[in-house]
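Undergrad: Quick one: sequence plus predicted model below, questions after.
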Amino acid sequence: MQLDESQEAEIELLPEVIFIFQHRLASVSYHSVQRYISRFTDDKFYDIREWFKKESYPDMFYDTLQRAIRAKRRIILLGYNPALAFCVKDFVDAVREKSHDRVVCLSFFHDDEETSKLHIQGIEDILDARLKLMVNMLNYPFIKKVTVPFNHQVTVRYLVDLSRELLAE
């Protein structure tokens, strides 16, 4: 994918790192920003038995994050779980303490009213799972909850505008 000069300029406006906590309850497309994404895909990140390995889990997190940053991947997609949220919180706190770098952490959700209009079996279960996830995320207020329409297309311009808004709060 070839970028024009305006897209290159917009990319420089992004925060140093954007963590996006993904979950199965949001339908979002990252196609147009794919080249700037690093995904935390190692199954160990999502294995609850690994979460309690204080000697290795944070190191695994930081190693993966450093590889992404060295590869100039500024958008980090990771599945939400409390252990990863805790590691991200430590990273955000360290960055804010040591530098003026900007870090944004967010998770996308769909509007309850829009979701409830879906005519699919189990819609109540979906809404219940969404509520449980959001309640769990309350433990991590640095993760901004962002409402988007179904099949939202994430673009560099959208992330620049959203980041400015979130960093101004």
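TA: Cool, the structure landed. Residues are numbered from 1 along each chain as shown.
Undergrad: Now Glu113, what are its backbone angles?
TA: The phi/psi pair for Glu113 (degrees, to the nearest 10) reads phi -60, psi -40.
Undergrad: Give me the helices and strands touching the longest helix anywhere in the chain, please.
TA: Longest helix in the chain, counting residues (DSSP state H): helix 82-98. The contact analysis (3 or more Cβ pairs under 8 Å, 6 or more residues apart in numbering; DSSP states H and E) places helix 82-98 against strand 17-22, helix 48-51, helix 57-70, strand 103-109. Where C-beta positions appear, they are placed from N, C-alpha and C, glycine not excepted.
Undergrad: what comes up buried for the third one?
TA: Buried positions in helix 57-70, judged by neighbour count with 16 or more other Cβ atoms under 10 Å: Tyr57, Met60, Phe61, Thr64, Leu65, Ala68.
Undergrad: For Tyr44, report the pLDDT, please.
TA: Careful, residue 44 is Lys and not Tyr. Lys44 carries a pLDDT value of 95.
Undergrad: actually Asp112, sorry about that
TA: pLDDT, Asp112: 75.
Undergrad: contacting residues for it?
TA: For Asp112, the contact set (Cβ atoms under 8 Å, 6 or more residues apart in numbering) comprises Leu127, Arg130.
Undergrad: rerun that using 6 Å as the cut-off
TA: Applying Cβ atoms under 6 Å, 6 or more residues apart in numbering to Asp112 gives no contacts.
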